[in-house]
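A.B. asks: When you get a sec, could you give me coordinates for this:
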Amino acid sequence: MNQPPPQLTTPSLSFTQLLSSTPRGARLARLLSVSQLRSWDAPHDLTERAEIVVAELAANAVLHGRLPGRSFRLTLVFDAPAGRLRIDVTDARGDRDPQPRPATAASSDTALHTNGRGLALVAAIADHWDCIPYPPAGKTVRAVLTTP
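C.D. replies: A predicted model of the protein is given here:
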């Protein structure tokens, strides 16, 4: 019969790591992400953008999502044929959803150091980002990046 051949799909590559909710854990998240993406032969541009996004999301998890004794989780899911990378950072504070700051807010140097614009940077670099509840009490901040 004239049936189309079965479509073979390449499974997405994934990486998950629990990290301590400390500045050291946030730095390690960034370094592990770059190392993992390089091992997957991800495009250089995608890896560079992912490094910035992971650094910002991990720093936010440590600064705003930390509960004593609780870690945060980094997950990368790379669909190489589609050129799509999903970055998930899950923390324990579901009661504190991230709020992007408008570009015009708090332009003084002091305000920038205490209330950074990390999510505005993520929004500028990522194709899409959002926040998803992670029951029972956490949240996942997800960013999606694609290659042109």
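A.B. asks: Next up, the contacts around the residue most central in space within the chain.
C.D. replies: The residue lying closest to the centre of the chain (CA atoms, centre = their mean) is I87, at 3.7 Å. Contact analysis of I87 by CB atoms under 8 Å, 6 or more residues apart in numbering lists 33, 50, 53-54, 57, 74-76, 126, 142-145. C-beta coordinates here come from the backbone N, C-alpha and C atoms, glycine included.
A.B. asks: Just the closest of those to P68, please.
C.D. replies: If you rank those by distance to P68 using CB to CB, L74 comes first, at 19.6 Å.
A.B. asks: That closest one - how many residues pack around it?
C.D. replies: 26 (other CB atoms under 10 Å).
A.B. asks: pretty sure it is touching R86, no?
C.D. replies: No: with contacts counted by CB atoms under 8 Å, L74 stays clear of R86, the gap being 11.5 Å.
A.B. asks: Do a quick rundown of the strands in this protein.
C.D. replies: Per DSSP state E, the chain carries strands over the ranges 13-19, 72-79, 84-91, 128-134, 138-146.
A.B. asks: Which of those sits closest to G65?
C.D. replies: Across these, closest to G65 is strand 84-91 (CB to CB), at 2.8 Å.
A.B. asks: quick one: strands adjacent to the closest one?
C.D. replies: strand 72-79 (antiparallel), strand 138-146 (antiparallel) (DSSP bridges).
A.B. asks: now what about the shortest one, what contacts it?
C.D. replies: The set of residues that contact strand 72-79 without belonging to it, under CB under 8 Å, 6+ apart, is 10, 12-19, 21, 25, 29, 32-33, 36-37, 40, 42, 50, 54, 58, 61-62, 65-66, 84-92.
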